[in-house]
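Chemist: Below are the sequence and a predicted model; questions follow.
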There are 2 protein chains.
Amino acid sequence: MTGKRSQAAKYVHGYSATEAQRLGDQADTLAELLHHDTLYPAGARVLEIGCGVGAQTRHLLRHSPRARFVCVDREQSSLAQARAALAADRGGSALTFVRGDLFALPFAPHSFDHVFVCFVLEHLDRPLLALRALQGVLRPGGSVTVIEGDHGSAFFHPASGKARRTIDCLVEAQARGGGDANIGRRLFPLLTEAGLRDVTVSPRFVYADASRPRWVDGFTRKTFVAMVAGAREASLRLGLIGEAEWAEGIADLERSALDDGTFCYTFFKATAKVG
Amino acid sequence: MTGKRSQAAKYVHGYSATEAQRLGDQADTLAELLHHDTLYPAGARVLEIGCGVGAQTRHLLRHSPRARFVCVDREQSSLAQARAALAADRGGSALTFVRGDLFALPFAPHSFDHVFVCFVLEHLDRPLLALRALQGVLRPGGSVTVIEGDHGSAFFHPASGKARRTIDCLVEAQARGGGDANIGRRLFPLLTEAGLRDVTVSPRFVYADASRPRWVDGFTRKTFVAMVAGAREASLRLGLIGEAEWAEGIADLERSALDDGTFCYTFFKATAKVG
(Lines give C-alpha, C1' and ligand atoms only; values in the text may rest on other atoms or scores of the structure.)
Protein backbone atom coordinates (compact mmCIF):
# COMPACT_ATOMS: atom_id res chain seq x y z
CA MET A 1 0.00 0.00 0.00
CA THR A 2 1.31 3.47 -0.88
CA GLY A 3 0.05 7.00 -1.20
CA LYS A 4 0.13 10.17 0.76
CA ARG A 5 -2.38 8.94 3.27
CA SER A 6 -0.67 5.62 3.76
CA GLN A 7 0.03 4.69 7.35
CA ALA A 8 1.87 1.56 6.28
CA ALA A 9 5.27 0.87 7.78
CA LYS A 10 8.36 0.32 5.66
CA TYR A 11 8.28 -3.23 4.28
CA VAL A 12 11.07 -4.80 6.31
CA HIS A 13 11.76 -7.71 3.95
CA GLY A 14 12.57 -5.59 0.90
CA TYR A 15 11.82 -6.36 -2.73
CA SER A 16 14.81 -8.31 -4.03
CA ALA A 17 14.69 -11.32 -6.35
CA THR A 18 15.86 -13.50 -3.45
CA GLU A 19 12.96 -12.22 -1.42
CA ALA A 20 10.55 -13.02 -4.24
CA GLN A 21 11.96 -16.54 -4.38
CA ARG A 22 11.61 -16.87 -0.60
CA LEU A 23 7.99 -15.81 -0.80
CA GLY A 24 7.36 -18.32 -3.56
CA ASP A 25 8.91 -21.18 -1.57
CA GLN A 26 6.99 -20.11 1.49
CA ALA A 27 3.70 -20.05 -0.33
CA ASP A 28 4.23 -23.46 -1.91
CA THR A 29 5.11 -25.14 1.36
CA LEU A 30 2.42 -23.51 3.39
CA ALA A 31 -0.31 -23.26 0.82
CA GLU A 32 -2.28 -26.30 1.85
CA LEU A 33 -1.96 -25.54 5.54
CA LEU A 34 -3.02 -21.92 5.23
CA HIS A 35 -5.40 -21.80 2.28
CA HIS A 36 -7.14 -25.15 1.91
CA ASP A 37 -10.26 -23.90 3.67
CA THR A 38 -10.55 -20.55 1.91
CA LEU A 39 -13.13 -21.31 -0.77
CA TYR A 40 -15.01 -18.51 -2.50
CA PRO A 41 -18.08 -19.37 -4.57
CA ALA A 42 -18.53 -18.70 -8.28
CA GLY A 43 -18.99 -15.04 -9.00
CA ALA A 44 -17.96 -13.89 -5.52
CA ARG A 45 -16.19 -10.54 -5.58
CA VAL A 46 -12.95 -10.97 -3.66
CA LEU A 47 -10.48 -8.22 -2.79
CA GLU A 48 -6.94 -9.33 -1.99
CA ILE A 49 -5.05 -6.64 -0.14
CA GLY A 50 -1.26 -6.58 -0.40
CA CYS A 51 -0.98 -9.29 -3.04
CA GLY A 52 2.73 -8.58 -3.53
CA VAL A 53 4.22 -10.85 -6.19
CA GLY A 54 1.12 -13.06 -6.15
CA ALA A 55 2.50 -15.78 -3.89
CA GLN A 56 -0.82 -16.30 -2.12
CA THR A 57 -2.96 -15.22 -5.09
CA ARG A 58 -1.99 -18.36 -7.00
CA HIS A 59 -3.48 -20.54 -4.27
CA LEU A 60 -6.59 -18.42 -3.96
CA LEU A 61 -7.20 -18.91 -7.67
CA ARG A 62 -6.62 -22.64 -7.44
CA HIS A 63 -9.15 -23.08 -4.65
CA SER A 64 -11.72 -20.65 -6.01
CA PRO A 65 -11.30 -20.67 -9.82
CA ARG A 66 -14.73 -19.15 -10.45
CA ALA A 67 -14.53 -16.25 -8.02
CA ARG A 68 -13.60 -12.76 -9.28
CA PHE A 69 -10.43 -11.42 -7.76
CA VAL A 70 -9.19 -7.86 -7.52
CA CYS A 71 -5.65 -7.84 -6.16
CA VAL A 72 -4.22 -4.63 -4.76
CA ASP A 73 -0.67 -3.70 -3.90
CA ARG A 74 1.17 -0.45 -3.44
CA GLU A 75 4.22 -1.55 -5.45
CA GLN A 76 3.96 -1.41 -9.23
CA SER A 77 6.94 -3.75 -9.62
CA SER A 78 5.32 -6.38 -7.40
CA LEU A 79 2.10 -6.15 -9.37
CA ALA A 80 4.03 -6.64 -12.62
CA GLN A 81 5.69 -9.73 -11.21
CA ALA A 82 2.38 -11.07 -9.96
CA ARG A 83 0.77 -10.49 -13.32
CA ALA A 84 3.60 -12.29 -15.13
CA ALA A 85 3.76 -15.15 -12.64
CA LEU A 86 0.04 -15.82 -12.79
CA ALA A 87 -0.36 -15.50 -16.57
CA ALA A 88 -0.07 -19.25 -17.01
CA ASP A 89 -1.97 -20.30 -13.88
CA ARG A 90 -4.94 -18.03 -13.98
CA GLY A 91 -6.84 -20.12 -16.47
CA GLY A 92 -10.17 -18.46 -17.12
CA SER A 93 -10.27 -16.81 -13.72
CA ALA A 94 -11.39 -13.23 -13.43
CA LEU A 95 -8.32 -11.49 -12.06
CA THR A 96 -7.54 -7.81 -11.98
CA PHE A 97 -4.49 -6.08 -10.53
CA VAL A 98 -4.84 -2.61 -9.12
CA ARG A 99 -2.17 -0.39 -7.67
CA GLY A 100 -3.56 1.24 -4.61
CA ASP A 101 -3.41 2.17 -0.99
CA LEU A 102 -5.26 0.24 1.63
CA PHE A 103 -6.24 3.52 3.28
CA ALA A 104 -7.47 5.12 0.05
CA LEU A 105 -9.01 2.27 -1.89
CA PRO A 106 -10.38 3.27 -5.31
CA PHE A 107 -13.57 1.27 -4.84
CA ALA A 108 -17.15 2.24 -4.07
CA PRO A 109 -18.76 1.09 -0.81
CA HIS A 110 -20.08 -2.51 -0.91
CA SER A 111 -17.91 -3.35 -3.94
CA PHE A 112 -16.82 -6.69 -2.53
CA ASP A 113 -18.23 -9.81 -0.91
CA HIS A 114 -14.95 -10.87 0.68
CA VAL A 115 -11.61 -9.41 1.65
CA PHE A 116 -8.46 -11.50 1.96
CA VAL A 117 -5.40 -10.15 3.79
CA CYS A 118 -2.31 -12.32 4.18
CA PHE A 119 0.99 -11.23 5.78
CA VAL A 120 0.01 -7.57 5.55
CA LEU A 121 -1.23 -6.38 8.95
CA GLU A 122 2.12 -7.29 10.53
CA HIS A 123 3.73 -4.51 8.49
CA LEU A 124 1.23 -1.77 9.35
CA ASP A 125 1.51 0.65 12.21
CA ARG A 126 -2.28 1.00 12.39
CA PRO A 127 -3.71 -2.47 11.74
CA LEU A 128 -6.94 -1.55 13.52
CA LEU A 129 -7.54 1.37 11.16
CA ALA A 130 -6.73 -0.90 8.24
CA LEU A 131 -9.40 -3.39 9.29
CA ARG A 132 -11.90 -0.56 9.61
CA ALA A 133 -10.97 0.81 6.18
CA LEU A 134 -11.50 -2.59 4.58
CA GLN A 135 -15.01 -2.82 5.96
CA GLY A 136 -15.85 0.27 3.92
CA VAL A 137 -15.64 -1.59 0.62
CA LEU A 138 -17.37 -4.77 1.83
CA ARG A 139 -21.08 -5.39 1.56
CA PRO A 140 -22.96 -6.00 4.82
CA GLY A 141 -22.48 -9.65 5.78
CA GLY A 142 -19.29 -9.85 3.75
CA SER A 143 -16.34 -11.74 5.13
CA VAL A 144 -12.82 -10.78 6.15
CA THR A 145 -10.04 -13.39 6.18
CA VAL A 146 -6.73 -12.48 7.77
CA ILE A 147 -3.62 -14.65 7.90
CA GLU A 148 -0.56 -13.62 9.89
CA GLY A 149 2.48 -15.23 11.46
CA ASP A 150 3.84 -14.71 14.95
CA HIS A 151 7.61 -14.85 15.27
CA GLY A 152 7.36 -15.09 19.04
CA SER A 153 5.65 -18.43 18.51
CA ALA A 154 8.86 -19.97 17.15
CA PHE A 155 10.63 -22.50 19.32
CA PHE A 156 13.08 -25.20 18.41
CA HIS A 157 15.54 -27.87 19.45
CA PRO A 158 18.30 -27.49 20.31
CA ALA A 159 17.10 -24.44 22.23
CA SER A 160 19.47 -21.47 21.82
CA GLY A 161 19.40 -18.04 23.34
CA LYS A 162 21.65 -16.81 20.54
CA ALA A 163 19.25 -18.04 17.88
CA ARG A 164 16.41 -16.43 19.80
CA ARG A 165 18.24 -13.11 19.70
CA THR A 166 18.44 -13.16 15.90
CA ILE A 167 14.68 -13.65 15.79
CA ASP A 168 14.25 -10.84 18.29
CA CYS A 169 16.32 -8.63 15.97
CA LEU A 170 13.84 -9.18 13.14
CA VAL A 171 10.95 -8.50 15.49
CA GLU A 172 12.62 -5.31 16.73
CA ALA A 173 13.56 -4.13 13.22
CA GLN A 174 9.96 -4.60 12.15
CA ALA A 175 8.73 -2.79 15.28
CA ARG A 176 11.00 0.18 14.55
CA GLY A 177 9.29 0.41 11.17
CA GLY A 178 5.92 0.44 12.89
CA GLY A 179 5.02 -3.22 12.40
CA ASP A 180 4.42 -6.14 14.73
CA ALA A 181 5.95 -9.48 13.81
CA ASN A 182 4.11 -11.04 16.77
CA ILE A 183 0.69 -9.94 15.57
CA GLY A 184 -0.75 -13.43 15.11
CA ARG A 185 -1.72 -13.83 18.75
CA ARG A 186 -3.52 -10.47 18.57
CA LEU A 187 -5.86 -11.21 15.67
CA PHE A 188 -8.81 -12.05 17.90
CA PRO A 189 -8.76 -8.77 19.86
CA LEU A 190 -7.88 -6.76 16.74
CA LEU A 191 -10.74 -8.05 14.61
CA THR A 192 -13.12 -7.78 17.54
CA GLU A 193 -12.11 -4.21 18.30
CA ALA A 194 -12.45 -3.34 14.61
CA GLY A 195 -16.16 -4.05 14.96
CA LEU A 196 -16.22 -7.31 13.04
CA ARG A 197 -18.51 -10.07 14.28
CA ASP A 198 -18.30 -13.86 14.48
CA VAL A 199 -14.54 -13.58 14.84
CA THR A 200 -13.01 -17.04 14.68
CA VAL A 201 -9.29 -17.66 14.96
CA SER A 202 -7.80 -20.87 13.65
CA PRO A 203 -4.13 -21.34 14.51
CA ARG A 204 -2.04 -23.26 11.98
CA PHE A 205 0.85 -25.00 13.65
CA VAL A 206 3.96 -25.90 11.68
CA TYR A 207 6.20 -28.67 13.00
CA ALA A 208 9.36 -29.89 11.30
CA ASP A 209 11.65 -32.79 12.20
CA ALA A 210 13.75 -35.24 10.17
CA SER A 211 10.69 -37.39 9.48
CA ARG A 212 9.17 -34.43 7.61
CA PRO A 213 11.97 -33.35 5.26
CA ARG A 214 9.66 -31.24 3.13
CA TRP A 215 8.88 -29.05 6.12
CA VAL A 216 12.49 -28.93 7.28
CA ASP A 217 13.66 -27.70 3.91
CA GLY A 218 10.62 -25.77 2.76
CA PHE A 219 9.75 -24.13 6.02
CA THR A 220 12.53 -24.16 8.62
CA ARG A 221 15.37 -23.56 6.17
CA LYS A 222 13.90 -21.76 3.16
CA THR A 223 11.16 -19.80 4.88
CA PHE A 224 11.95 -19.06 8.49
CA VAL A 225 15.74 -19.07 8.67
CA ALA A 226 15.89 -17.31 5.29
CA MET A 227 13.55 -14.63 6.60
CA VAL A 228 15.54 -14.03 9.78
CA ALA A 229 18.78 -14.07 7.82
CA GLY A 230 17.27 -11.50 5.49
CA ALA A 231 17.10 -9.01 8.36
CA ARG A 232 20.87 -9.15 8.93
CA GLU A 233 21.72 -5.76 7.43
CA ALA A 234 18.85 -3.99 9.14
CA SER A 235 19.75 -5.58 12.47
CA LEU A 236 23.40 -4.58 12.20
CA ARG A 237 22.59 -1.10 10.92
CA LEU A 238 20.20 -0.51 13.81
CA GLY A 239 22.87 -1.72 16.22
CA LEU A 240 20.61 -4.45 17.57
CA ILE A 241 23.36 -7.07 17.47
CA GLY A 242 27.03 -7.54 16.56
CA GLU A 243 28.27 -9.40 13.50
CA ALA A 244 29.80 -12.30 15.41
CA GLU A 245 26.80 -12.76 17.66
CA TRP A 246 24.55 -12.63 14.63
CA ALA A 247 26.52 -15.32 12.82
CA GLU A 248 26.46 -17.58 15.85
CA GLY A 249 22.73 -17.11 16.29
CA ILE A 250 21.95 -17.90 12.66
CA ALA A 251 24.18 -20.98 12.86
CA ASP A 252 22.24 -22.15 15.91
CA LEU A 253 18.97 -21.51 14.13
CA GLU A 254 20.18 -23.50 11.12
CA ARG A 255 21.10 -26.26 13.53
CA SER A 256 17.39 -26.84 14.19
CA ALA A 257 17.05 -27.95 10.55
CA LEU A 258 19.76 -30.60 10.88
CA ASP A 259 19.80 -34.17 12.14
CA ASP A 260 17.92 -34.33 15.43
CA GLY A 261 16.68 -30.74 15.33
CA THR A 262 13.03 -29.76 15.53
CA PHE A 263 11.28 -26.50 14.71
CA CYS A 264 7.83 -25.12 15.56
CA TYR A 265 5.96 -22.04 14.38
CA THR A 266 2.36 -20.89 14.50
CA PHE A 267 0.38 -18.98 11.91
CA PHE A 268 -3.01 -17.53 12.73
CA LYS A 269 -5.94 -17.46 10.35
CA ALA A 270 -8.91 -15.39 11.37
CA THR A 271 -12.28 -15.05 9.72
CA ALA A 272 -15.05 -12.64 10.58
CA LYS A 273 -18.07 -10.90 9.14
CA VAL A 274 -19.02 -7.31 8.56
CA GLY A 275 -21.78 -5.74 10.64
CA MET B 1 8.18 -44.16 40.22
CA THR B 2 10.07 -44.91 43.43
CA GLY B 3 12.62 -47.36 44.75
CA LYS B 4 16.29 -47.45 45.45
CA ARG B 5 17.25 -47.59 41.79
CA SER B 6 14.95 -44.81 40.74
CA GLN B 7 16.56 -42.06 38.73
CA ALA B 8 13.40 -40.03 38.73
CA ALA B 9 13.65 -36.40 39.70
CA LYS B 10 11.62 -34.97 42.55
CA TYR B 11 8.06 -34.44 41.35
CA VAL B 12 7.95 -30.66 41.17
CA HIS B 13 4.18 -30.31 41.35
CA GLY B 14 3.78 -32.13 44.70
CA TYR B 15 0.89 -34.34 45.78
CA SER B 16 -1.68 -32.00 47.35
CA ALA B 17 -5.44 -32.21 46.95
CA THR B 18 -5.31 -28.98 44.94
CA GLU B 19 -2.79 -30.59 42.64
CA ALA B 20 -5.03 -33.65 42.22
CA GLN B 21 -7.91 -31.32 41.31
CA ARG B 22 -5.68 -29.48 38.85
CA LEU B 23 -4.72 -32.73 37.18
CA GLY B 24 -8.37 -33.74 36.96
CA ASP B 25 -9.39 -30.43 35.33
CA GLN B 26 -6.43 -30.67 33.01
CA ALA B 27 -7.30 -34.17 31.89
CA ASP B 28 -10.96 -33.34 31.28
CA THR B 29 -10.23 -30.29 29.15
CA LEU B 30 -7.45 -31.84 27.19
CA ALA B 31 -8.71 -35.39 26.97
CA GLU B 32 -10.16 -35.23 23.51
CA LEU B 33 -7.23 -33.28 22.10
CA LEU B 34 -4.58 -35.58 23.53
CA HIS B 35 -6.19 -39.01 23.67
CA HIS B 36 -8.82 -39.31 20.97
CA ASP B 37 -6.49 -41.21 18.68
CA THR B 38 -5.06 -43.61 21.24
CA LEU B 39 -7.16 -46.70 20.65
CA TYR B 40 -5.99 -50.09 21.88
CA PRO B 41 -7.74 -53.22 20.58
CA ALA B 42 -9.58 -55.79 22.68
CA GLY B 43 -7.23 -57.88 24.73
CA ALA B 44 -4.21 -55.65 24.13
CA ARG B 45 -1.85 -55.59 27.09
CA VAL B 46 -1.18 -51.93 27.89
CA LEU B 47 1.24 -50.60 30.48
CA GLU B 48 0.63 -47.07 31.72
CA ILE B 49 3.70 -45.63 33.37
CA GLY B 50 3.27 -42.95 36.01
CA CYS B 51 -0.52 -43.13 36.15
CA GLY B 52 -0.61 -40.84 39.20
CA VAL B 53 -4.17 -40.27 40.37
CA GLY B 54 -5.57 -41.79 37.18
CA ALA B 55 -6.29 -38.52 35.38
CA GLN B 56 -5.27 -39.91 31.98
CA THR B 57 -6.19 -43.53 32.81
CA ARG B 58 -9.87 -42.66 32.78
CA HIS B 59 -9.64 -41.51 29.19
CA LEU B 60 -7.56 -44.49 28.14
CA LEU B 61 -10.29 -46.76 29.51
CA ARG B 62 -13.01 -44.83 27.77
CA HIS B 63 -11.35 -45.08 24.37
CA SER B 64 -10.18 -48.68 24.77
CA PRO B 65 -12.67 -50.36 27.11
CA ARG B 66 -11.65 -53.88 26.08
CA ALA B 67 -7.88 -53.51 26.42
CA ARG B 68 -6.12 -54.77 29.58
CA PHE B 69 -4.40 -52.01 31.51
CA VAL B 70 -1.63 -52.28 34.06
CA CYS B 71 -1.05 -48.86 35.63
CA VAL B 72 2.18 -48.23 37.50
CA ASP B 73 3.15 -45.43 39.82
CA ARG B 74 5.75 -45.01 42.51
CA GLU B 75 3.36 -43.32 44.95
CA GLN B 76 1.05 -45.59 46.92
CA SER B 77 -1.21 -42.66 47.81
CA SER B 78 -1.63 -41.74 44.15
CA LEU B 79 -2.49 -45.32 43.26
CA ALA B 80 -5.11 -45.41 46.03
CA GLN B 81 -6.68 -42.22 44.66
CA ALA B 82 -6.63 -43.59 41.14
CA ARG B 83 -8.22 -46.83 42.24
CA ALA B 84 -10.98 -44.97 44.08
CA ALA B 85 -11.55 -42.46 41.31
CA LEU B 86 -11.87 -45.11 38.64
CA ALA B 87 -14.02 -47.53 40.62
CA ALA B 88 -17.18 -46.15 39.04
CA ASP B 89 -15.79 -45.54 35.56
CA ARG B 90 -13.90 -48.71 34.89
CA GLY B 91 -16.97 -50.72 33.92
CA GLY B 92 -15.84 -54.22 33.02
CA SER B 93 -12.36 -53.09 31.97
CA ALA B 94 -9.36 -55.14 33.01
CA LEU B 95 -7.40 -52.70 35.16
CA THR B 96 -4.62 -53.43 37.61
CA PHE B 97 -2.64 -50.96 39.69
CA VAL B 98 0.94 -51.78 40.57
CA ARG B 99 3.33 -49.79 42.70
CA GLY B 100 6.66 -49.83 41.00
CA ASP B 101 9.71 -48.13 39.64
CA LEU B 102 10.10 -47.41 35.97
CA PHE B 103 13.71 -48.49 36.16
CA ALA B 104 12.95 -51.76 38.01
CA LEU B 105 9.65 -52.89 36.56
CA PRO B 106 8.31 -56.12 38.08
CA PHE B 107 7.37 -57.56 34.70
CA ALA B 108 8.91 -60.23 32.50
CA PRO B 109 10.27 -59.27 29.06
CA HIS B 110 7.59 -59.01 26.36
CA SER B 111 4.81 -58.66 28.94
CA PHE B 112 3.10 -55.84 27.07
CA ASP B 113 1.91 -54.90 23.61
CA HIS B 114 1.85 -51.17 24.28
CA VAL B 115 3.32 -48.66 26.69
CA PHE B 116 1.66 -45.32 27.43
CA VAL B 117 3.61 -42.51 29.12
CA CYS B 118 1.96 -39.15 29.73
CA PHE B 119 3.53 -36.17 31.56
CA VAL B 120 6.25 -38.41 33.02
CA LEU B 121 9.46 -37.99 31.00
CA GLU B 122 9.50 -34.27 31.79
CA HIS B 123 10.17 -35.16 35.43
CA LEU B 124 13.01 -37.62 34.84
CA ASP B 125 16.67 -36.78 34.76
CA ARG B 126 17.38 -39.69 32.41
CA PRO B 127 14.43 -39.84 29.98
CA LEU B 128 16.56 -41.68 27.43
CA LEU B 129 17.29 -44.50 29.88
CA ALA B 130 13.60 -44.59 30.80
CA LEU B 131 12.62 -45.13 27.17
CA ARG B 132 15.18 -47.91 26.90
CA ALA B 133 13.92 -49.53 30.12
CA LEU B 134 10.36 -49.53 28.82
CA GLN B 135 11.38 -51.38 25.68
CA GLY B 136 12.47 -54.25 27.93
CA VAL B 137 8.90 -55.16 28.86
CA LEU B 138 7.42 -54.65 25.39
CA ARG B 139 7.08 -57.38 22.81
CA PRO B 140 8.89 -56.85 19.49
CA GLY B 141 6.71 -54.65 17.34
CA GLY B 142 4.96 -53.22 20.39
CA SER B 143 4.20 -49.52 20.52
CA VAL B 144 5.27 -46.66 22.73
CA THR B 145 3.09 -43.57 23.09
CA VAL B 146 4.53 -40.54 24.84
CA ILE B 147 2.69 -37.30 25.60
CA GLU B 148 4.51 -34.30 27.04
CA GLY B 149 4.06 -30.57 27.29
CA ASP B 150 6.59 -27.85 26.54
CA HIS B 151 6.37 -24.77 28.72
CA GLY B 152 8.64 -22.85 26.36
CA SER B 153 5.90 -23.19 23.76
CA ALA B 154 3.59 -20.92 25.74
CA PHE B 155 2.92 -17.47 24.36
CA PHE B 156 0.08 -15.11 24.99
CA HIS B 157 -1.50 -11.70 24.58
CA PRO B 158 -0.88 -9.28 26.10
CA ALA B 159 2.76 -10.30 25.91
CA SER B 160 4.57 -9.80 29.23
CA GLY B 161 8.19 -10.32 30.19
CA LYS B 162 7.12 -10.56 33.82
CA ALA B 163 4.66 -13.34 33.08
CA ARG B 164 7.35 -15.07 31.05
CA ARG B 165 9.67 -14.98 34.05
CA THR B 166 7.16 -16.84 36.25
CA ILE B 167 7.02 -19.57 33.62
CA ASP B 168 10.81 -19.59 33.47
CA CYS B 169 10.82 -20.08 37.27
CA LEU B 170 8.78 -23.27 36.92
CA VAL B 171 11.05 -24.47 34.14
CA GLU B 172 14.13 -23.72 36.24
CA ALA B 173 12.68 -25.31 39.41
CA GLN B 174 11.94 -28.44 37.41
CA ALA B 175 15.41 -28.37 35.88
CA ARG B 176 17.02 -28.13 39.32
CA GLY B 177 15.17 -31.34 40.20
CA GLY B 178 16.59 -32.99 37.10
CA GLY B 179 13.56 -32.58 34.85
CA ASP B 180 12.91 -30.71 31.60
CA ALA B 181 9.63 -28.80 31.31
CA ASN B 182 10.53 -28.03 27.67
CA ILE B 183 10.88 -31.68 26.72
CA GLY B 184 8.05 -31.74 24.16
CA ARG B 185 10.18 -30.37 21.34
CA ARG B 186 12.76 -33.07 22.09
CA LEU B 187 10.52 -36.12 21.76
CA PHE B 188 11.57 -36.87 18.21
CA PRO B 189 15.31 -36.99 18.92
CA LEU B 190 14.75 -38.74 22.28
CA LEU B 191 12.65 -41.58 20.91
CA THR B 192 14.94 -41.93 17.91
CA GLU B 193 18.05 -42.08 20.07
CA ALA B 194 16.35 -44.62 22.34
CA GLY B 195 16.36 -47.01 19.37
CA LEU B 196 12.65 -46.86 18.64
CA ARG B 197 11.55 -46.93 15.00
CA ASP B 198 8.78 -45.26 13.01
CA VAL B 199 8.92 -42.30 15.37
CA THR B 200 6.04 -39.94 14.59
CA VAL B 201 5.45 -36.73 16.48
CA SER B 202 2.04 -35.10 16.44
CA PRO B 203 1.92 -31.68 18.09
CA ARG B 204 -1.35 -30.74 19.79
CA PHE B 205 -1.84 -27.01 19.80
CA VAL B 206 -4.04 -25.37 22.41
CA TYR B 207 -5.49 -21.95 21.65
CA ALA B 208 -7.77 -19.99 23.97
CA ASP B 209 -9.60 -16.72 23.42
CA ALA B 210 -12.93 -15.31 24.57
CA SER B 211 -14.75 -17.19 21.82
CA ARG B 212 -13.58 -20.45 23.44
CA PRO B 213 -14.52 -19.98 27.11
CA ARG B 214 -14.09 -23.66 27.91
CA TRP B 215 -10.43 -23.44 26.94
CA VAL B 216 -9.89 -20.13 28.69
CA ASP B 217 -11.23 -21.49 31.95
CA GLY B 218 -10.23 -25.14 31.66
CA PHE B 219 -6.81 -24.66 30.17
CA THR B 220 -5.41 -21.14 30.53
CA ARG B 221 -6.76 -20.53 34.01
CA LYS B 222 -7.21 -23.92 35.69
CA THR B 223 -4.39 -25.79 34.01
CA PHE B 224 -1.55 -23.54 32.94
CA VAL B 225 -1.77 -20.55 35.29
CA ALA B 226 -2.63 -22.90 38.18
CA MET B 227 0.45 -24.98 37.38
CA VAL B 228 2.78 -21.98 37.24
CA ALA B 229 1.21 -20.55 40.39
CA GLY B 230 1.80 -23.90 42.07
CA ALA B 231 5.55 -23.42 41.71
CA ARG B 232 5.51 -20.22 43.77
CA GLU B 233 7.04 -21.60 46.95
CA ALA B 234 9.72 -23.53 45.10
CA SER B 235 10.59 -20.49 43.01
CA LEU B 236 10.88 -18.22 46.05
CA ARG B 237 12.77 -20.83 48.09
CA LEU B 238 15.26 -21.29 45.28
CA GLY B 239 15.69 -17.53 45.05
CA LEU B 240 14.65 -17.52 41.38
CA ILE B 241 12.40 -14.50 41.83
CA GLY B 242 11.15 -12.03 44.45
CA GLU B 243 7.64 -12.05 45.90
CA ALA B 244 6.55 -8.79 44.30
CA GLU B 245 7.91 -9.69 40.89
CA TRP B 246 6.23 -13.08 41.16
CA ALA B 247 2.85 -11.55 41.98
CA GLU B 248 3.10 -9.12 39.07
CA GLY B 249 4.04 -11.92 36.70
CA ILE B 250 1.16 -14.15 37.74
CA ALA B 251 -1.22 -11.20 37.44
CA ASP B 252 0.02 -10.62 33.88
CA LEU B 253 -0.38 -14.29 33.09
CA GLU B 254 -3.94 -14.25 34.45
CA ARG B 255 -4.55 -11.24 32.25
CA SER B 256 -4.25 -13.49 29.19
CA ALA B 257 -7.42 -15.28 30.36
CA LEU B 258 -9.44 -12.07 30.51
CA ASP B 259 -11.36 -10.04 27.94
CA ASP B 260 -9.22 -9.66 24.86
CA GLY B 261 -6.43 -11.97 26.04
CA THR B 262 -5.25 -15.00 24.10
CA PHE B 263 -3.15 -17.97 25.15
CA CYS B 264 -1.27 -20.63 23.20
CA TYR B 265 0.47 -23.82 24.29
CA THR B 266 1.72 -26.92 22.51
CA PHE B 267 1.66 -30.53 23.68
CA PHE B 268 3.57 -33.18 21.81
CA LYS B 269 2.33 -36.71 21.27
CA ALA B 270 4.83 -39.19 19.91
CA THR B 271 4.30 -42.78 18.84
CA ALA B 272 6.94 -45.33 17.88
CA LYS B 273 7.57 -49.04 17.65
CA VAL B 274 10.00 -51.40 19.30
CA GLY B 275 12.71 -53.17 17.33
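Modeler: Perfect, thanks for sending it. Numbering: from 1, shown residues only, chains lettered A, B, ... in the order given.
Chemist: How about the contacts made by the residue nearest to residue A:100 when sequence neighbours are not counted?
Modeler: Using Cβ to Cβ, 6 or more residues apart in numbering or on different chains and skipping the chain neighbours, the partner closest in space to residue A:100 is residue A:72 (4.7 Å). C-beta: built from backbone N, CA, C; applies to glycine. If you count contacts by Cβ atoms under 8 Å, 6 or more residues apart in numbering or on different chains, residue A:72 has them with A:1, A:47-51, A:97-100, A:102, A:105.
Chemist: what does the average pLDDT come to for the host helix or strand of residue A:72?
Modeler: Residue A:72 belongs to strand A:68-73 when assigned by DSSP states H and E. Mean pLDDT, strand A:68-73: 97.
Chemist: can you redo the contacts of residue A:72 as a markdown table with distance to residue B:90, secondary structure and neighbour count?
Modeler: Listed next are the contacts of residue A:72 as a markdown table, based on distance: Cβ to Cβ, whole Å; DSSP: H, G, I helix; E, B strand; the rest coil; neighbours: other Cβ atoms under 10 Å in any protein chain shown:
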| residue | distance to residue B:90 | secondary structure | neighbour count |
| --- | --- | --- | --- |
| A:1 | 62 | coil | 25 |
| A:47 | 57 | strand | 25 |
| A:48 | 55 | strand | 27 |
| A:49 | 56 | strand | 25 |
| A:50 | 56 | coil | 24 |
| A:51 | 58 | coil | 27 |
| A:97 | 64 | strand | 21 |
| A:98 | 65 | strand | 15 |
| A:99 | 68 | strand | 16 |
| A:100 | 65 | coil | 19 |
| A:102 | 60 | helix | 27 |
| A:105 | 63 | coil | 21 |
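Chemist: Tabulate these (JSON lines), appending distance to residue A:229 and pLDDT.
Modeler: What follows is those, written out as JSON lines (distance: Cβ to Cβ, whole Å; pLDDT from 0 to 100):
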{"residue": "A:1", "distance to residue A:229": "26", "pLDDT": "27"}
{"residue": "A:47", "distance to residue A:229": "33", "pLDDT": "98"}
{"residue": "A:48", "distance to residue A:229": "28", "pLDDT": "98"}
{"residue": "A:49", "distance to residue A:229": "27", "pLDDT": "98"}
{"residue": "A:50", "distance to residue A:229": "23", "pLDDT": "97"}
{"residue": "A:51", "distance to residue A:229": "25", "pLDDT": "96"}
{"residue": "A:97", "distance to residue A:229": "30", "pLDDT": "96"}
{"residue": "A:98", "distance to residue A:229": "33", "pLDDT": "97"}
{"residue": "A:99", "distance to residue A:229": "30", "pLDDT": "97"}
{"residue": "A:100", "distance to residue A:229": "31", "pLDDT": "96"}
{"residue": "A:102", "distance to residue A:229": "28", "pLDDT": "94"}
{"residue": "A:105", "distance to residue A:229": "34", "pLDDT": "96"}
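Chemist: which of those sit farthest apart?
Modeler: Comparing all pairs in the contacts of residue A:72 by Cβ to Cβ, the longest separation belongs to A:97 and A:102, at 14.9 Å.
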